[in-house]
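Engineer: Provided below are the primary sequence and the corresponding predicted coordinates.
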Amino acid sequence: MDLIESKSKKSEQRHPWELARYEVMRSLLKKTFKGKMPKQIWDVGCGDTYFVERLAGELPQSELKAIDIAFTEELLAHYRAEMSQPNVEIFKAVDDIQGVEQVDLIYLMDVIEHIEDDLGFLEWLQSFPAINEKTYFFITVPAFQSLFCSHDRYLLHYRRYDNQSLRETVEKVGLEVHDIGYFFSSLLLPRQLQVWKEKKQEQKGELKDTTGLVEWSAGNFKTQLIKNVLLTDYRFGQFFKSMGLKLPGLSNYVICSPKAASL
C-alpha cells in the first residue's frame, strides 16, 4: 500500500485489489523465473512493506530490500521494528544499500506514475553497478490516461499508461520487453463510470475528492470474494492472451531487463 494511503487507512482489512495484485505478481514471478527463484530482490517504492514482507515469507532463501523515499526516520524505525521476516532489510534510498553485487529482480509496482521524469528515474536506477543485463524489472502502472480521475490526483500521479506508452517508456531507456499486458479487466467499467460521474459533478461544481482504496472497510468475506473474482479475471486474461487476444484492464504491467539478459 502506498504510504499516502497507509497514513489515511482506517481499517486493518486489505483492499481486495491489493491482495489480488500480490497473487498476480506471484504468478508472473513463477512464470518468468520458473524453478530458478531470484536471490536478490528489491521492492523500490515499497509503501507499507506488505508486499515485500509477504513475498519474503514465501522465498526464505532470497534476500529482499524494501526501499521507499517517503520513509521518515520514524517510519523507518517503525517498519524495521515490525518486520517479521529476517530476510528483509528496509531503506529510505537505493543509495543506502551496500554490499550487493547483483540484483536479480526489481519490483516497481505503481511507482513510475508518481515520478514526473519517469525516463530519468529508470536511467538513474540502471546506473547502479549491481543492476545490469541480468536484472529483471517487474513494473506495474495504472492503465489508460482517459481514466485519470480524483483517485490519481489524490495519489499524486502524473499520468497513466497503456501498452504502447509503457513499452515506449522502457525501450527509450534501453530495457528490452519480455512480456507486457493488462490485468483486472472487470474494473474498467466501474472506473469509467466513476470518471463520467466526476465529469458531471465537475460541470455542476459538486466534485468531491475520493480515494477509493483507503475507504475500503468491507469484511473478510466480501474482501476474499472480490479478490477471487479479480484473480479469475486475471486468469481469463492470461488465457485469452495465450490465444493471441489481448484484453484491456485497469492495471498495466511490463517485464523487462537491460538488453541481452537471459535466465
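Structural biologist: On my side now, so go ahead.
Engineer: where along the stretch 1-150 of the chain do the strands fall?
Structural biologist: All strands of the stretch 1-150 of the chain, identified by DSSP state E, counting those that start in this stretch, fall at 40-44, 63-67, 88-91, 105-109, 136-142.
Engineer: chain center to the fourth one: distance?
Structural biologist: This means strand 105-109. How far strand 105-109 lies from its chain's middle: 8 Å, per C-alpha atoms, centre = their mean, to the nearest Å.
Engineer: do the longest one as well
Structural biologist: Once both centres are worked out by C-alpha atoms, centre = their mean, strand 136-142 turns out to sit 6 Å from its chain's centre.
Engineer: helices and strands around it, which ones?
Structural biologist: The helices and strands touching strand 136-142, judged by 3 or more C-beta pairs under 8 Å, 6 or more residues apart in numbering; DSSP states H and E, are helix 16-33, strand 105-109, helix 163-172, strand 251-258. All C-beta atoms are positioned from the backbone trio N, CA, C, and that covers glycine.
Engineer: May I see these organised as a markdown table, with distance to Val195, mean pLDDT and mean neighbour count added?
Structural biologist: Below are the helices and strands packed on strand 136-142 laid out as a markdown table (distance: least, C-beta to C-beta, whole Å; pLDDT from 0 to 100; neighbours: other C-beta atoms under 10 Å):
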| stretch | distance to Val195 | mean pLDDT | mean neighbour count |
| --- | --- | --- | --- |
| helix 16-33 | 17 | 96 | 18 |
| strand 105-109 | 23 | 98 | 23 |
| helix 163-172 | 18 | 98 | 16 |
| strand 251-258 | 16 | 97 | 23 |
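Engineer: quick one, which of the ones you listed is nearest to Leu147?
Structural biologist: strand 251-258 (10.9 Å; C-beta to C-beta).
Engineer: Direction included, what does that closest one pair up with?
Structural biologist: Here strand 251-258 has these sheet partners by DSSP bridges: strand 136-142 (antiparallel), strand 175-183 (antiparallel).
Engineer: circling back to that earlier point, make a markdown table from the strands of the stretch 1-150 of the chain and add distance to Met25 to it.
Structural biologist: Listed next are the strands of the stretch 1-150 of the chain as a markdown table, based on distance: least, C-beta to C-beta, whole Å:
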| stretch | distance to Met25 |
| --- | --- |
| strand 40-44 | 10 |
| strand 63-67 | 13 |
| strand 88-91 | 16 |
| strand 105-109 | 7 |
| strand 136-142 | 6 |
